[in-house]
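In: just coords:
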């Protein structure tokens, strides 16, 4: 009888020892599966898709792309009635090539700075509005884009014409445009548009200005009157990438 009870006890102990291992293995597998799912979701969230711009091969090519892509937007806007989702999305795709073209022209300093700024401002406005399906704003800015592209360039020694305000966009921790030309001796209004989700601090020792702009917010900064010269500004939180200049002449 004692032997029988001993065998039964050993069997129960064996079963008891095996069960937790089985449950643990199942929980570990489930945890690993959830971890893989989370990893996949994380990768998906970080992988932001963007349209591919036309490869700009030269300044002349950039100028051709400006005219051709602006004409393409105009053709879409000729549609009678309200534009559909895909039509505004088509305009949004075109703006990537427009941005690449004006960036090439700016980098090569192949166009009057004032003209470059006017074109770039219109492109940015149309880019943002088309992405957010804001047809009225796209239609408002398209004639400005056409006028900016068609405008004659000012002579190199001409004094810039004062604008109501100058927009500086913060995107991917960089300032755009990186240079702004303004008339000397005038008080200037800057609108700094932070399109990054994180805050940035607009700072300039040359102009004695410092202002924090929260993520996805805008701030208004007044500078000047400025004497003729080149004035540096930078992003305090991203000093390696966020740099720009205001040129007064």
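Out: Everything's here; your move. Everything quoted here is computed from the prediction, not taken from an experiment. Numbering: from 1, shown residues only.
In: State the number of residues packed around the residue nearest to residue 112 when sequence neighbours are not counted.
Out: Leaving aside its sequence neighbours, residue 112 sits nearest to residue 153 (Cβ to Cβ, 6 or more residues apart in numbering; 3.9 Å). In short, each C-beta sits where N, CA and C put it, glycine included. By the measure other Cβ atoms under 10 Å, the count of residues near residue 153 is 12.
In: Check residue 114 too.
Out: With other Cβ under 10 Å as criterion, residue 114 counts 19.
In: From residue 98, how far off is the most centrally placed residue in the chain?
Out: By Cα atoms, centre = their mean, the chain has its centre lying nearest to residue 171, at 4.1 Å. Separation of residue 171 from residue 98 (Cβ to Cβ, to the nearest Å): 15 Å.
In: where are the low-confidence patches of the chain?
Out: 1-49, 154, 156-157 (pLDDT under 70).
In: domains in this structure, as residue ranges please.
Out: 59-150, 166-248 (automatic domain parsing).
In: End to end on the first one, go ahead and measure it.
Out: So that's domain 59-150. Taking Cα to Cα, to the nearest Å, the first and last residues of domain 59-150 lie 16 Å apart.
In: roughly how far is that domain from the heart of the chain?
Out: Centre-to-centre, domain 59-150 and its host chain are 15 Å apart (Cα atoms, centre = their mean, to the nearest Å).
In: Next SSE downstream of the helix or strand residue 114 falls within?
Out: In the assignment (DSSP states H and E), residue 114 maps to helix 113-131. Scanning forward in sequence from helix 113-131 by DSSP H and E, the next helix or strand is helix 135-150.
In: in that following helix, what's buried?
Out: 135, 138, 141-142, 145-146, 148-149 (16 or more other Cβ atoms under 10 Å).
In: name the helices or strands packed onto it?
Out: helix 59-77, helix 85-107, helix 113-131 (3 or more Cβ pairs under 8 Å, 6 or more residues apart in numbering; DSSP states H and E).
In: can you give me the angle the first one makes with helix 135-150?
Out: Which is helix 59-77. Put simply, helix 59-77 runs at 150 degrees to helix 135-150, going by axes from the mean of the first three to the mean of the last three Cα atoms, to 10 degrees.
In: contact partners of helix 59-77?
Out: 54, 56, 83, 87, 90-91, 94-95, 97-98, 100-102, 104-105, 108, 110, 119, 126, 138-139, 142, 145-146, 149 (Cβ atoms under 8 Å, 6 or more residues apart in numbering).
In: So which bits of that helix are buried?
Out: Buried residues in helix 59-77 (16+ other Cβ under 10 Å): 59, 62-63, 65-66, 69-70, 72-73, 76.
In: What of the last one?
Out: Counting neighbours by 16+ other Cβ under 10 Å, one finds that the buried residues in helix 113-131 are 113-130.
In: What strand or helix carries the residue lying closest to residue 198 once chain neighbours are set aside?
Out: Spatial nearest neighbour of residue 198, chain neighbours left out: residue 215 (5.0 Å); criterion: Cβ to Cβ, 6+ apart. For residue 215, there is no enclosing helix or strand under DSSP H and E.
In: so residue 215 makes contact with residue 173?
Out: No - contact criterion Cβ atoms under 8 Å: residue 215 and residue 173 do not qualify, at 11.4 Å.
In: More neighbours: those two, which one.
Out: Neighbour totals were compared for residue 215 and residue 173, and residue 173 leads with 15 against 12 (other Cβ under 10 Å).
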